[in-house]
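Novice: coords please:
(one chain, ligands or ions: 1)
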Amino acid sequence: MAFVRTGEILLHYRVQGLTGAPVLVLVNSLGTDARIWDEVITELLPHYRIVSYDKRGHGLSDAPAGDYSLDDHVADLVGLLDHLGVAQSAVAGVSVGGLIAQGFALRHSDRIAGLVLCDTAPKIGDAPLWDERIAAVQGGGMEALADAVMLRWFTERYRRDSADALAGWRNMLARTPAEGYIGTCATLRNTDLRNDIAGIAAPTLVVVGDADVATPVELVRETAACIPGARFEIVPDAGHIPSIEQPGRLSALMKTYFNEVGHG
Ligand SMILES: O=C(O)CC1=CCC(=O)O1
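Specialist: The predicted structure is shown next:
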C-alpha cells in the first residue's frame, strides 16, 4: 500500500502485478474502498500491472467536507497516474467508479486503452434520491442507511448464504467517513453524461449483475447502446457489485475482452 498527495487530496493506492505489463486501473463505488476488487485482482494479476485506489472520501484517502465534482474525481485519477508515470491504461469502474471512468475516458481519450463499465450509467438515480441519502447521513450517520444499502448491493442469495461476508461489507459501508459519502452523493446528484457518452472512443465493455437493483439491467443495456461499438454482458447471480459476488465471471469477461482489443 502507498499514498500520494495529488492536488489537496491524499490518496491511498496499491500497485500490484508485473512491471511492464499492460496497466489496469480499478475504481470503487459509493461507500466502498479498493478492497471490493481484491478477488478480481487475484485473478488478473498474472496478466496486468494493476492499480487500485480508494477514491476521495473513502477508505484511507482524504475525505474533505463539501460536494465533490466529477472533475475532482477525474483530476485525482489523473494525478495518481501521473505520479505512477502511467501514460496509457485500461480503466474499470463500478457504479460511481464507472462514472469516474466515463469522465476520464471523455476528458483524457489519449490516455485510455480500454474501458470496463460495471453496473453504471451516465446518470445514476435522481436528485431526490441523493438528497434523501445526504439527509439520512446528516441526521443519523452511516448506520442510518446501512441495512437498506445492503439490499441494493447484494442478491438475496448472497445475503442469505454469506452472512459473515455481508456483515463485513456492511462494516465497510458503515465506517465510510460521512463527509466522504455525502460529498460523493453530490457527485452522483450533479453528474449527467447522457449527452456525452456517444463520444467515448475507447473499446468499452459494459457489464451488469442480473439482479442489480441500483443500476438495473435495462439501464445498463441502454448505456452500452449509447457507446459506439460497446459490448454488453450480463453477469449471472450478481447484484450491484459483481467484483464481490462473481469475481471469477467478471475477471473472465474482462480478460477475454482485453485480449480481443489488444490490451494484454
Ligand atoms: O448505494 C447504492 O445505492 C449503490 C450505488 C449507487 C452509486 C454507487 O456508487 O453505488
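Novice: For the stretch 151-264 of the chain, list the residues in contact with the ligand, please.
Specialist: Counting by CB under 6 Å from any ligand atom, the residues of the stretch 151-264 of the chain close to the ligand are Arg152, Leu188, Ala214, His240. Any C-beta I mention is one placed from the backbone N, CA and C, and that applies to glycine too.
Novice: distance between the ends of stretch 102-114?
Specialist: 11 Å (CA to CA, to the nearest Å).
Novice: near the ligand, which residues of the stretch 1-150 of the chain?
Specialist: So far as CB under 6 Å from any ligand atom goes, the stretch 1-150 of the chain lies against the ligand at Ser29, Leu30, Gly31, Ser95, Val96, Ile124, Val149.
Novice: and which of those residues is nearest Gly79?
Specialist: Each of these was checked against Gly79 using CB to CB; the closest is Val96, at 18.2 Å.
Novice: Check the burial of that closest one by counting its neighbours.
Specialist: 26 (other CB atoms under 10 Å).
Novice: where's Gly93 relative to Thr204, distance?
Specialist: Computed as CB to CB, to the nearest Å, the Gly93 to Thr204 distance reads 11 Å.
Novice: which neighbours do these two share?
Specialist: Val116, Leu117 (CB atoms under 8 Å, 6 or more residues apart in numbering).
Novice: More neighbours: which of those two?
Specialist: Comparing Gly93 with Thr204 by other CB under 10 Å, the one with more neighbours is Gly93, at 28 against 25.
Novice: what's the host helix or strand of that one packed up against?
Specialist: According to DSSP states H and E, Gly93 maps onto strand 89-94. When contacts are defined as 3 or more CB pairs under 8 Å, 6 or more residues apart in numbering; DSSP states H and E, strand 89-94 sits against strand 23-27, helix 96-107, strand 112-118.
Novice: so where do the helices sit in the stretch 101-250 of the chain?
Specialist: 127-140, 143-153, 156-161, 163-174, 178-190, 217-226, 242-245, 247-261 (DSSP state H, counting those that start in this stretch).
Novice: looking at the ones you listed, which is buried most?
Specialist: helix 242-245 (a mean of 27; mean count of other CB atoms under 10 Å).
Novice: Pull out the CA atoms of it and give them to me as PDB.
Specialist: Output in PDB follows, covering the C-alpha atoms of helix 242-245 (Å, rounded to 0.1, in the frame of the first residue of the first chain):
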ATOM      1  CA  PRO A 242     -20.100  -8.300  -9.300                       C
ATOM      2  CA  SER A 243     -16.500  -8.000  -8.300                       C
ATOM      3  CA  ILE A 244     -17.600  -9.300  -4.900                       C
ATOM      4  CA  GLU A 245     -20.300 -11.700  -5.800                       C
END
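Novice: Now that helix: average pLDDT?
Specialist: Helix 242-245 carries an average pLDDT of 98.
Novice: Run through the neighbouring helices and strands of it.
Specialist: Partner elements for helix 242-245 (3+ CB pairs under 8 Å, 6+ apart): helix 38-44, strand 204-209, helix 247-261.
Novice: Now do the SS call for His263.
Specialist: coil (DSSP: H, G, I helix; E, B strand; the rest coil).
Novice: Touching, it and Ile112? I think so.
Specialist: No. If you go by CB atoms under 8 Å, His263 and Ile112 don't touch, sitting 10.0 Å apart.
Novice: With adjacent residues omitted, what lies nearest to Glu233?
Specialist: Val207 (4.8 Å; CB to CB, 6 or more residues apart in numbering).
Novice: Now for the one you found, how many residues are close by?
Specialist: 29.
Novice: Which positions within stretch 46-63 qualify as buried?
Specialist: 47-59, 61-63 (16 or more other CB atoms under 10 Å).
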